[in-house]
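Engineer: Any chance you can model this:
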Amino acid sequence: MYSKLWYLAIFIILFININLVTGTHGTENNNEFIQRELDIDKSDTPKKILVGSIIGGGSHLNPMLEICRILMDRGYNVTLVAPGNFTATSTLYHSIPQIITDMRKDEYVPPEVRELYFNEYNIKNYAKVVGMFTYGYPKFFNDYLQAYKEIKADLFFCDYIVNEACFDLAWKLKKPVVGYTSDFTPPPPIRSDPMGMGSCHVSMENQSFYNRFICAIVQPLRVIWAFRGLLNDINAKRVEVGVNKYHDFRGRTNTLFLLDNFFGFEVPTAWPPLHQEIGPILPDTFPNLSPELDLFLSTHPRTMYIALGSNMFTTSENYATLLQSALELINQNILDGVIWATVKFNESELPITFNLSNDDIIPISNLINNQHPHFYIMKYAPQFAILSHENTKVFLSHGGVGSGHESMYTATPMLVLPIALDQPGNAERLELTGMALKLSKLDLKVDDIISKVVRLLNEESFKMNARRMQVLAKFNSKRKYRGADLIEMVLNLANHDSSRNENGELEVDIETLLRSWVTPDSRMGFIRGNYLDVFGVALIIALVLFICLGYGFYKAALFGFRKWSLRSRESQQSLSKTKNE
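Structural biologist: Below is the predicted model of the structure:
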């Protein structure tokens with residue numbers, strides 16, 4: 001009896017102690033945890049966002065508007081300011097209001113652009129094209145200013161390409177600004193950029209000392225020299241509209257930038273905190289295949305899809321070579337289908353007929369009118385749906401970022417024909433992933449195209465690497481929501497780190513708004529920021545120590561040599577005396 005009571009007492013004591021340790025005190029109704037608050041009170045957060053682009057077009061606007069669609073779902077008001085009636089004709093973004101700055105005149109191609117697209121791509125002809133937009137700076141600035149007055153924007157979301165006016169106006173009005181780009185220019189020496197850099201490459205890892213020296217020292221100086229006139233022109237135009245001069249030809253890069261890119265496709269590097277990778281930015285839905293296109297793909301199990309972008313074009317000779325190659329690939333039973341999206345296709349400049357290696361003659365009219373059983377030509381194509389189809393085996397592309405992202409997401413091996421701008425660099429990146437091969441617009445040959453298509457179809461490594469890139473693309477495609485989060489963060493910070501002007505509008509100090517993300521080395525200057533002063537002194541100390549040790553060793557060796565010489569002479573003299581005696 002007593003032993004049972006003893007065991008019961010021990011059990012009660014242990015139960016009480018356990019409850020005391022866990023903090024429950026024996027009551028089941030008390031909550032063991034508190035919920036972490038996930039949301040921020042955004043009731044008084046500024047809501048109006050101005051999205052600005054000078055270039056326009058889907059390749060620049062689609063990723064930006066995809067982020068904006070997320071922000072609109074969160075209650076923000078977004079207005080696009082860009083050329084062309086873009087959102088009204090868009091299937092995905094027609095709910096976003098647009099202020100049209102100018103109608104796009106796609107039928108007119110300036111000679112500077114033709115030179116850029118047709119000839120060897122270098123920094124000189126690239127600077128000419130950039131200069132075309134520099135002359136329009138006052139108009140672009142006033143377009144943005146008028147749009148701002150209409151919507152009273154709280155934040156500017158600016159496309160980076162030739163869009164200094166958007167960033168400048170935000171800084172002038174003291175409004176927070178976030179930039180967007182698919183490729184950014186201040187690379188460390190291990191990375192370079194073929195865009196205007198001649199023989200430089202996206203990765204200098206396996207390059208010779210000569211090439212590394214040229215790309216790290218000489219070519220950047222050439223870029224600065226080529227853009228010096230443009231920088232002077234745009235600074236003069238900045239003064240006209242009341243904006244302070246800015247002496248970095250890359251523009252106002254000391255702000256938050258969202259990069260539509262990801263490591264695996266991009267060469268890994270340590271980006272500064274203000275440059276945030278959130279790519280690949282892709283919408284959740286895409287236009288589907290038409291019944292005719294679905295039937296064509298279903299009946300052609302080895303199809304190549306060709307698309308050179310909505311704004312890019314090449315020479316009529318290159319178009320003829322591509323057509324001849326596609327027909328030969330079908331004729332040799334390497335492929336059994338070709339789909340071509342011909343946005344910039346000019347059939348009047350092409351040969352009337354194509355003579356194949358088996359002596360068949362194919363009229364161009366048969367191809368244009370889709371009378372060839374294995375050829376399907378259309379103006380605009382549902383690209384993602386085509387790439388997603390299991391019978392699309394190869395994608396021949398110009399190498400735009402959007403096309404690259406879609407090809408990686410669908411694991412479609414690529415044959416890349418870069419034309420200009422960022423495309424040479426993208427072609428190199430895609431080739432480095434192991435899922436693509438590239439062509440040359442200056443030396444395009446039928447045999448080369450055929451042999452590379454055969455490799456892409458038959459070598460398992462291209463398919464394996466494409467599937468590996470698909471994994472990276474799918475996981476990283478979720479980061480577009482972080483892009484929207486970052487814009488929201490900037491708006492919330494601006495709300496708590498601003499003052500009101502005489503008109504009652506919020507103003508921020510953009511230099512200090514994101515001070516917690518600005519690395520100390522950018523404030524310390526080039527010498528102190530890179531510790532060149534410290535390393536310089538350390539080198540001097542090491543040299544002094546080396547010289548002192550060397551001098552001490554020299555003196556010790558000289559002293560030993562003299563002692564040895566003296567003893568040797570004394571020994572010889574002693575030996576000589578002995579012999580004389």
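
Engineer: Check for me that residue 158 belongs to a strand.
Structural biologist: Yes: applying DSSP: H, G, I helix; E, B strand; the rest coil, one finds residue 158 inside a strand.

Engineer: residues contacting it?
Structural biologist: Residue 158 sits next to 51, 52, 53, 166, 167, 170, 177, 178, 179, 180 when contact means C-beta atoms under 8 Å, 6 or more residues apart in numbering. To be clear about C-beta, it is placed using only N, CA and C from the backbone, and glycine gets the same treatment.

Engineer: Compute the distance between it and residue 76, please.
Structural biologist: Separation of residue 158 from residue 76 (C-beta to C-beta, to the nearest Å): 16 Å.

Engineer: part of a helix, is residue 80?
Structural biologist: No: under three-state DSSP, residue 80 sits outside any helix and is assigned strand.

Engineer: count of neighbours near the closest residue to it other than its chain neighbours?
Structural biologist: Nearest residue to residue 80, sequence neighbours excluded (C-beta to C-beta, 6 or more residues apart in numbering): residue 98, at 4.3 Å. Counted by other C-beta atoms under 10 Å, the residues lying close to residue 98 total 24.

Engineer: The one 3 residues further on too?
Structural biologist: Other residues within reach of residue 101 by the criterion other C-beta under 10 Å amount to 22.

Engineer: before we move on, what about residue 172?
Structural biologist: With other C-beta under 10 Å as criterion, residue 172 counts 15.

Engineer: That one contacts residue 246, doesn't it?
Structural biologist: No: using C-beta atoms under 8 Å, residue 172 is not in contact with residue 246; the gap is 11.4 Å.

Engineer: In the protein, where is pLDDT below threshold?
Structural biologist: 1-31, 103-108, 184-192, 194-199, 575, 577-581 (pLDDT under 70).

Engineer: For it, give the helix that spans the most residues.
Structural biologist: helix 532-580 (DSSP state H).

Engineer: where along the stretch 51-200 of the chain do the strands fall?
Structural biologist: Per DSSP state E, counting those that start in this stretch, the stretch 51-200 of the chain carries strands over the ranges 77-82, 98-100, 155-159, 177-181.

Engineer: circling back to that earlier point, can you spell out which helices and strands pack onto the longest helix of the chain?
Structural biologist: Contacting helix 532-580 under the criterion 3 or more C-beta pairs under 8 Å, 6 or more residues apart in numbering; DSSP states H and E is no other helix or strand.

Engineer: The same query, at a cut-off of 10 Å, please.
Structural biologist: With contacts taken as 3 or more C-beta pairs under 10 Å, 6 or more residues apart in numbering; DSSP states H and E, helix 532-580 sits against helix 520-529.

Engineer: tilt between the helix it packs on and helix 532-580?
Structural biologist: Helix 520-529 runs at 30 degrees relative to helix 532-580, counting by axes from the mean of the first three to the mean of the last three C-alpha atoms, to 10 degrees.

Engineer: ok, and what's touching helix 520-529?
Structural biologist: Residues outside helix 520-529 that contact it (C-beta atoms under 10 Å, 6 or more residues apart in numbering): 254, 272, 274, 515, 519, 530, 531, 532, 533, 534, 536.

Engineer: which of those count as buried?
Structural biologist: Those of the contacts of helix 520-529 that meet the buried threshold are 272, 274, by 16 or more other C-beta atoms under 10 Å.

Engineer: Would you mind giving the contacts of helix 520-529 as JSON lines with distance to residue 137 added?
Structural biologist: Formatted as JSON lines, these follow (distance: C-beta to C-beta, whole Å):
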{"residue": "254", "distance to residue 137": "20"}
{"residue": "272", "distance to residue 137": "27"}
{"residue": "274", "distance to residue 137": "24"}
{"residue": "515", "distance to residue 137": "29"}
{"residue": "519", "distance to residue 137": "30"}
{"residue": "530", "distance to residue 137": "33"}
{"residue": "531", "distance to residue 137": "38"}
{"residue": "532", "distance to residue 137": "36"}
{"residue": "533", "distance to residue 137": "39"}
{"residue": "534", "distance to residue 137": "42"}
{"residue": "536", "distance to residue 137": "41"}
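
Engineer: For residue 211, state which of the contacts of helix 520-529 is nearest.
Structural biologist: residue 530 (23.4 Å; C-beta to C-beta).

Engineer: Next, count neighbours for the residue nearest to that closest one when sequence neighbours are not counted.
Structural biologist: Distance criterion C-beta to C-beta, 6+ apart; nearest residue to residue 530, sequence neighbours excluded, is residue 521 at 6.7 Å. Look at residue 521: counted by other C-beta under 10 Å, it has 13 neighbours.

Engineer: do residue 478 as well
Structural biologist: 9.

Engineer: cool, and residue 569?
Structural biologist: Neighbour count for residue 569, taken as other C-beta under 10 Å: 10.

Engineer: quick revisit: which one of the contacts of helix 520-529 is nearest residue 465?
Structural biologist: Closest to residue 465, out of all of the contacts of helix 520-529 and judged by C-beta to C-beta, is residue 272, at 29.9 Å.

Engineer: Does that closest one belong to a helix, a strand or coil?
Structural biologist: State at residue 272, reduced to three classes by three-state DSSP: coil.

Engineer: And it, how far from residue 339?
Structural biologist: Using C-beta to C-beta, we find residue 272 at a distance of 42 Å from residue 339.

Engineer: Tell me how far the longest helix of the chain lies from the chain's centre.
Structural biologist: Averaged C-alpha coordinates place helix 532-580 at 60 Å from its chain's average position (C-alpha atoms, centre = their mean, to the nearest Å).

Engineer: ok, now which ones touch residue 148?
Structural biologist: So residue 148 contacts 48, 50, 52, 79, 81, 156, 169, 170, 173, 175 (C-beta under 10 Å, 6+ apart).

Engineer: just so I know, which of the strands of the stretch 51-200 of the chain lies nearest residue 492?
Structural biologist: Of all the strands of the stretch 51-200 of the chain, it is strand 155-159 that lies closest to residue 492, at 10.7 Å by C-beta to C-beta.

Engineer: Name every strand pairing with the closest one and say which way it goes.
Structural biologist: strand 48-52 (parallel), strand 177-181 (parallel) (DSSP bridges).

Engineer: Look up phi and psi at the nearest residue to residue 304 once chain neighbours are set aside.
Structural biologist: Closest residue in space to residue 304, ignoring its immediate chain neighbours: residue 394 at 4.4 Å, by C-beta to C-beta, 6+ apart. Backbone torsions for residue 394, taken as degrees, to the nearest 10, come to phi -140, psi 140.

Engineer: same check, this time on residue 438
Structural biologist: Residue torsions, per degrees, to the nearest 10, at residue 438 are phi -120, psi 160.

Engineer: same check, this time on residue 498
Structural biologist: Dihedral angles phi and psi of residue 498 (degrees, to the nearest 10) take the values phi -140, psi 170.
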